[in-house]
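Asks: This is a predicted model, with the sequence first.
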Amino acid sequence: MMDQNTYRPISKDVHSKDDLDFHFLKEEGIKVIQRLGNKLWTDYNTHDPGITILEILAYAITDLGYRLTLPVEDLLLGNDKSNYLNKHFHLTSDVMPCKSLTELDYRMLFMDIEGVKNSWLEPYEKEVFMDCKNLKMAYEPAIWQGIPERDKKSFELKGLHKILVDASDEIPFEQIRKGVIRAYHQNRNLCEDLVEVVPVEAHPIQVCAIIDLSLDANEELIAATIEWKIEQYFSPNLHFYSFENMLDKGYSADEILEGPYLKHGYLDPKEMRAAKLRNTISQSDIIQLIMDIDGVESIRDLSINHCDESHSLNGWVIEIQEGKKPVLCNKSKFNFYKGLLPLNVNQGTVSSYKKDIVNQNREEQYETKEKGFSLPEPYDYSLENYTSIRNDFPEVYGVGPLGIPESAKGIGRQEKANQLKAYLTFFDQILVSYFKHLGQVKNLLSVFDSQERTYFTGKVADIGDHQEFLGEFYDAGNLYEDLMAPFDERNKRSQQLKDHLLARFGEKFSDYAFLMKKIYGSGVDEQVLETKSYFLKEYGNISAERATAMNYYRQSPKNLWNTTNVSGFEKRVALLVGIKNYLRKNLSKSFVEIFPTTNSEGESVFKWRIFDIDNNVLLNSNKSYKGRTAAHKDIYLVIQQVNAVSLEMIVTALGQFEDIPDEGFYFACFQVNITASGRFSFGITDPEIDDLDSPDYIIASQQKFFTFPNFKNALVNFKTFMTEHMDDEGMFVVENILLRPDFNEKNPENLHFLPFCKDDCGEGNCLDPYSYRLTIVLPGNSFRFADRDFRDFLENLIREELPAHILAKICWIGRANIGDLGQEDQMSPFEQAYANFLSGLSAGDFQYHEEFIKILSELHSIYPTGTLYNCEDEDESNAMRDTIILGRSNLGTI
């Protein structure tokens, strides 16, 4: 029987009141006309030409609105159907899984290794004894002999792990152990380390049974199945699932992709948590699993017992020693009957059947499951395709492809039609610009690309008569330059787009952008944009490695220095402050010298210069500076401006001249100068100064002069040097837990511990210098790092990005004055000692620990040099920036 709940009448109110509602758009347009032109225009009926134009524009808007409502995969497709997603965006598998972080993550990671049935991560217990009287440490309490009780202290090292592995018998345990160690170190957490990997000890169990079988049963197959079932009861295999299987289990996509990305599929977290070492064996459980086997009719008798005679105790339930797994021992016996007749079972055949069962389960376990999930299939629309609204006008208007009808030709008729065409072109141009923007959505929102333009337009010429009323400029002119370029604030709009994309990942750069602009002015806007863009591009890597430490285990020398094998924390912090090159590399070599001098008025000032590898001066500052802060600012500004210029741009700019130019010219940040003798040199300009005659317009100059052909080579070489060698920013992260002495060393004289102070033994102070401690070493004399405000920002960022349980000591080291080769340099010996330490650590060699610990403990921070405030200083802002702050700056000259 039909009722109103089954069939409903179609609603008469179909208005959506949006850009898809033609009638709504038309009505709103008429309302605007009535409000603005009611004294001149009173006929709003359909026959009025103005209403016809309004209707056609409303229809064009509905077309645009329809395309805007297309599924997102259709908007992003473009012309690249095979790579339309991974070409512009990070895929789910890139950003949602992460390296192992929790204990459950590590267990899943090790389960992905063939032969690992299960594993458990346990703390490795190691106590360190402290002699607070003589300030010594040791692994043995013998160090306490002869000292007062109040000076006896000790602590447990934290962050060390022991891995218990329940391994299958088919693969040698040594092979499994090596695989587990490699997997751990590829995913090692910051300030944690692995000490040993051991197999789970076996607790042998005897199972004896007398079993009745059906007449058609295969006794050898049943015997093999019973042994397999009991072994699985003792120590079950965990199963990998496909993505679809996990969805069927009720997990959401983000829950499925949480944790490490495994090659064999997905593991059920609930099954993993429940998979513990069995502590009891129940006779009733074994009876049940045997009775579930096809061909078994009854069990006459069954007993379970310990195989070890000292634990012989027959019962319904027996307990298993803690930390051990039950295994079926060779004293187990299964007797079979068919009716009244006992059966002789061929043990060779049983072993063959069992081997087949094991192999089949192994193949099912480790076959690769489908890990991906289906994405909606996009449909290829021509999003940018636009045809003139003139195609939709009635022929009588004469603006369509057929032109003016023969019957309507007369004096002035063509001119009037052209006038209407030109009027309609205004709307055409607006609409085609919207459609062009729609076609660029995937590029504007791309995490991998930065667009040179953020506004787009195109030519509407599908009817082909535009020259009659627009002239040749419409064909010959650059519509973007003529129409859009004056409004296209590319950097500002690109910054907003990147901020939107960053917000989708919960990231922000507002503090960094504000600080950079405060210190260096608007000249760094392009660098800030590039920092955001590069951070987004690398996000697929750093999101998975956020808490991961470097992999030091059995690494070749090339993977320990000048390498990206650094902690995820280092990568993330580096990218957050605009350091693209986060390699572990030498930072001690400086090619810049800031030196004191006297200006023409006899005042003490600073100047700077840049040297090449052979100590030849490449660039000299034109300005004089009353403080080092202003010098640092200009040096950094010069470096960033030169880095922003590509080699192609230089070659193109200098290659445009057919003859030798006879006057100076500008391009990018370069001012090219020509001497009276026809020699060429260049200067670097200040982007914040518009007055070309200002003495501050040129920041620095190369005071060498070349013929024009040689000048081209000199400028290219200068650019290459600045790109490849002017890179002095980076950091070194030292995990204190890796500095612990060898646990297996027997000679106490060879055990070198970190030094500690008497105060560390005081009440409430931290005794342990190893557990969850970092020492972060930064070059204190690089241009941004020498700035006090930037140091404060970076130190706060480091502490924010570190896991909450890790404490960092931050050292700013190097030469106090940039480029002064006569000064003591802490960075160079530190780098050498650290490189030796890492090479020894990777090979399990502790010979370099003593030297590195000694250098590390003697590091002391250098600070920017400040000056006493000069009340007569005209530049008050810079004077205040260079003033003395206790604990943050050194005292310079007045």
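Replies: Received, thanks. Numbers count the residues shown, from 1 in each chain.
Asks: Give me the secondary structure label for residue 377.
Replies: coil (DSSP: H, G, I helix; E, B strand; the rest coil).
Asks: Spatially, and excluding backbone neighbours, which residue is closest to it.
Replies: Leaving aside its sequence neighbours, residue 377 sits nearest to residue 73 (Cβ to Cβ, 6 or more residues apart in numbering; 7.7 Å). The way it works is simple: take the backbone N, C-alpha and C, and place the C-beta from them, glycine included.
Asks: Quick one: residues in contact with the helix or strand encompassing that neighbour.
Replies: Under the criterion of DSSP states H and E, residue 73 resides in helix 72-77. The contact list for helix 72-77 (Cβ atoms under 8 Å, 6 or more residues apart in numbering) reads 84-85, 88-89, 375-381, 383, 438, 441-442.
Asks: so how far is residue 531 from the residue nearest to residue 377?
Replies: Taking Cβ to Cβ, to the nearest Å as the measure, residue 73 and residue 531 are separated by 30 Å.
Asks: Which one's more surrounded, those two?
Replies: residue 531 (22 against 14; other Cβ atoms under 10 Å).
Asks: Give me the helices and strands touching the strand or helix carrying the more buried one, please.
Replies: Using DSSP H and E, residue 531 falls within helix 525-537. Here helix 525-537 touches helix 490-504, helix 510-520, helix 568-576, helix 628-644, going by 3 or more Cβ pairs under 8 Å, 6 or more residues apart in numbering; DSSP states H and E.
Asks: Give me the buried positions along the longest one.
Replies: Of the residues in helix 628-644, 628-643 count as buried by neighbour count, 16 or more other Cβ atoms under 10 Å.
Asks: Give the next helix or strand downstream of that helix.
Replies: From helix 628-644, the next helix or strand downstream (DSSP H and E) is helix 647-655.
Asks: Partner strands of whichever helix or strand comes after that next one, with direction?
Replies: Next helix or strand after helix 647-655 toward the C-terminus (DSSP H and E): strand 665-667. Strand pairing for strand 665-667, determined by DSSP bridges: strand 670-674 (antiparallel).
Asks: which residues touch the strand it pairs with?
Replies: 645, 661-666, 680-685, 698, 701, 711, 715.
Asks: orientation of that strand relative to helix 647-655 in degrees?
Replies: 30 degrees (axes from the mean of the first three to the mean of the last three Cα atoms, to 10 degrees).
Asks: From the contact counts, what lies against the helix or strand just after strand 670-674?
Replies: Next along the chain after strand 670-674, taking DSSP H and E as the criterion, comes strand 680-685. If you count contacts as 3+ Cβ pairs under 8 Å, 6+ apart, strand 680-685 packs onto helix 628-644, strand 670-674, strand 698-701, helix 708-725.
Asks: Including mean pLDDT, could those go into a markdown table?
Replies: Formatted as a markdown table, those follow (pLDDT from 0 to 100):
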| stretch | mean pLDDT |
| --- | --- |
| helix 628-644 | 83 |
| strand 670-674 | 90 |
| strand 698-701 | 90 |
| helix 708-725 | 87 |
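Asks: need the ones you listed in CSV with distance to residue 267, can you?
Replies: CSV is the format used below for the helices and strands packed on strand 680-685 (distance: least, Cβ to Cβ, whole Å):
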stretch, distance to residue 267
helix 628-644, 46
strand 670-674, 59
strand 698-701, 59
helix 708-725, 46
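Asks: how about these, which one is nearest residue 859?
Replies: Residue 859 sits nearest to helix 628-644 of all the helices and strands packed on strand 680-685, at 22.0 Å, using Cβ to Cβ.
Asks: mind listing what the closest residue to residue 691 other than its chain neighbours touches?
Replies: Using Cβ to Cβ, 6+ apart and skipping residues adjacent in sequence, the residue nearest residue 691 is residue 697, 6.4 Å away. Contacts for residue 697 (Cβ under 8 Å, 6+ apart) come out as 685, 686, 689, 691.
Asks: swap in residue 176?
Replies: 113, 115, 116, 165, 167.
Asks: and the gap between it and residue 574?
Replies: 36 Å.
Asks: All set, thanks.
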